[in-house]
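Chemist: My questions concern the predicted model and sequence given below.
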Amino acid sequence: MAFRNLNEALKALRLTERLVEIEQTLAPRFECAACLSRAAALDKGAVLFTSLKGHEVSAVGNLVYSEDVLALEMGVSPGGEYTRALRERLKSPVKPKEVENMPVEEVLEPEASLSEVMPIFTYYEGDSGPFVTTGLLQTIDPDTGETARGIHRMELRGDRELGAALLNPPLSSIYAKYKERGERMPVAVVIGMTPLIFASFAFKGAAGADKLSVAGGLRGEAVEVGRAKETGILVPAEAEFLLEGYVDPATERQDGPLGEIGGYSQLFTTTPSLFVTRITHRKNPIYHALLPDGPEGDVLLREVAQTFIASQVEGEFEFFETLHLIRGTFGSSVVVSLSKAESSQIRALLERLLNTGVVKKAVAVASDIDPTRTREVEWSMATRYRPDEDTIILSGLKGSPIDPSTGEDFTSSKLGIDATGYGHNHEHLRVKIQPDAADLAAAIISGGRS
């Protein structure tokens, strides 16, 4: 059963030993980020801070530290079952259910500043200041009246002022409409959702589906929503914090720098200010902070890329089998497993992968190679790959905005590697342990037999 709210999600993580709880009092400036970074390096799971200097609320980070967390909320097993369920449920959105009373509006903060209400983290040396990194922004398309939603970083600029980095669609295109008209863009921001609802703001569902309908499909039940009192925007009722206000196109100025998911500090020449006119939250709310170069952003980008890329190639290339995106590369490095095909066909598939935007390096391996095991992939490259014949380098392709090696127009050169060996040396037999002996050895080594 899907989690109703963030607190339920944390209880489930605690019960399954996926949650580290830190009771020592820590500062939101640098200290919490350092703990998140260390916990991620040791693969410790999500981290809950129960004592924050200057605040009475708790905070959680590394919440979606692994795909296993999304599988847990979906009620499926990690691995293949999760991957299949994810792709199927993305095709079956469930519309949100509107309710009257919203827990996120239990407490009104008429005068408090943002930094008094929320423990907004400062993450890295060199950051311009505190940043909200889990803001789920929602606005209304002035042409269609439809609600658009997305995850966007926000720089703390004043007591109730945030810099909104509206760089990606649909928010970027809708903001451009308001800017062209010289009008303020109404916004509602929620912070603190369950893992699946948070992730749904990044996923691409069926054409035209509301992000919360995508969340409903993933959860297997509708997300409860209510109308924010000031903007009238439908927002998740079970969020931890709700900020209402407007984005003013006349207030654009430099944003950042902030350490980003790619591992580099980045600033943007200009972003507009979001002015918060109303703040509400649950009783005893929990703030969600995402470490930019930590596991959460990487998981989200890899999962989004995985589902999108697979849908692009599986129908067109019959020899396509499985796809794996390398951890820590935010979807830019992919290994694809293929059944036997001609070199020209493999090249066509690699070129298609490299043209998807986010992918910068694509490696093709034969069907006897597990693409999730780095050792096998590297063995395949060491024994089946001829660099002068099996390398593809393409220039001037669309790259990722978070890749600092791209140009000002975010174009990049990209690399494709055919390490299948199908074109020249796959006739060499790979060594193989005899199956019955392998089963016996597995039982002995695992302690099943003596």
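Modeler: Cool, got the structure.

Chemist: What segments of this protein are helices?
Modeler: Remark: helices assigned in the chain by DSSP state H are 6-15, 31-41, 67-74, 80-90, 114-117, 171-181, 195-200, 211-219, 295-313, 343-354, 374-384, 387-390, 435-445.

Chemist: most packed of the ones you listed?
Modeler: For the helices of the chain, the largest average neighbour count (mean count of other C-beta atoms under 10 Å) is found in helix 195-200, namely a mean of 28. Backbone N, C-alpha and C define where each C-beta goes, glycine included.

Chemist: Hmm, K53 is touching P28, no?
Modeler: Yes: if you go by C-beta atoms under 8 Å, K53 and P28 touch, sitting 7.1 Å apart.

Chemist: gap between K91 and V69?
Modeler: Computed as C-beta to C-beta, to the nearest Å, the K91 to V69 distance reads 22 Å.

Chemist: again with G45
Modeler: Taken as C-beta to C-beta, the span from G45 to V69 is 9 Å.

Chemist: Mutual contacts of the two, please.
Modeler: 13, 18 (C-beta atoms under 8 Å, 6 or more residues apart in numbering).

Chemist: Which elements pack onto the longest strand along the chain?
Modeler: Ranked by residue count and defined by DSSP state E, the top strand of the chain is strand 241-259. Using 3 or more C-beta pairs under 8 Å, 6 or more residues apart in numbering; DSSP states H and E as the contact test, the elements touching strand 241-259 are strand 154-158, strand 161-164, helix 171-181, strand 185-191, strand 265-281.

Chemist: right, so of those, which gets closest to N101?
Modeler: With C-beta to C-beta as the measure, strand 265-281 is the member of those nearest N101 (12.3 Å).

Chemist: quick check, distance from the closest one to the centre of its chain.
Modeler: 20 Å (C-alpha atoms, centre = their mean, to the nearest Å).

Chemist: cool, stretch 407-414 as well?
Modeler: Taking mean C-alpha positions (C-alpha atoms, centre = their mean), stretch 407-414 and its chain are 22 Å apart.

Chemist: about what we covered before: any chance of JSON lines for the helices and strands packed on strand 241-259, columns mean pLDDT?
Modeler: Listed next are those as JSON lines, based on pLDDT from 0 to 100:
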{"stretch": "strand 154-158", "mean pLDDT": "97"}
{"stretch": "strand 161-164", "mean pLDDT": "97"}
{"stretch": "helix 171-181", "mean pLDDT": "96"}
{"stretch": "strand 185-191", "mean pLDDT": "98"}
{"stretch": "strand 265-281", "mean pLDDT": "93"}
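
Chemist: Just tell me which of those ends up closest to A341.
Modeler: helix 171-181 (38.6 Å).

Chemist: now the angle between strand 265-281 and that closest one, please.
Modeler: 80 degrees (axes from the mean of the first three to the mean of the last three C-alpha atoms, to 10 degrees).

Chemist: pretty sure V107 contacts K283?
Modeler: Yes: look at V107 against K283 with C-beta under 8 Å: they come within range, at 6.1 Å.

Chemist: Neighbour count for those two, which is higher?
Modeler: More crowded of V107 and K283, by other C-beta atoms under 10 Å: V107, with 15 against 7.
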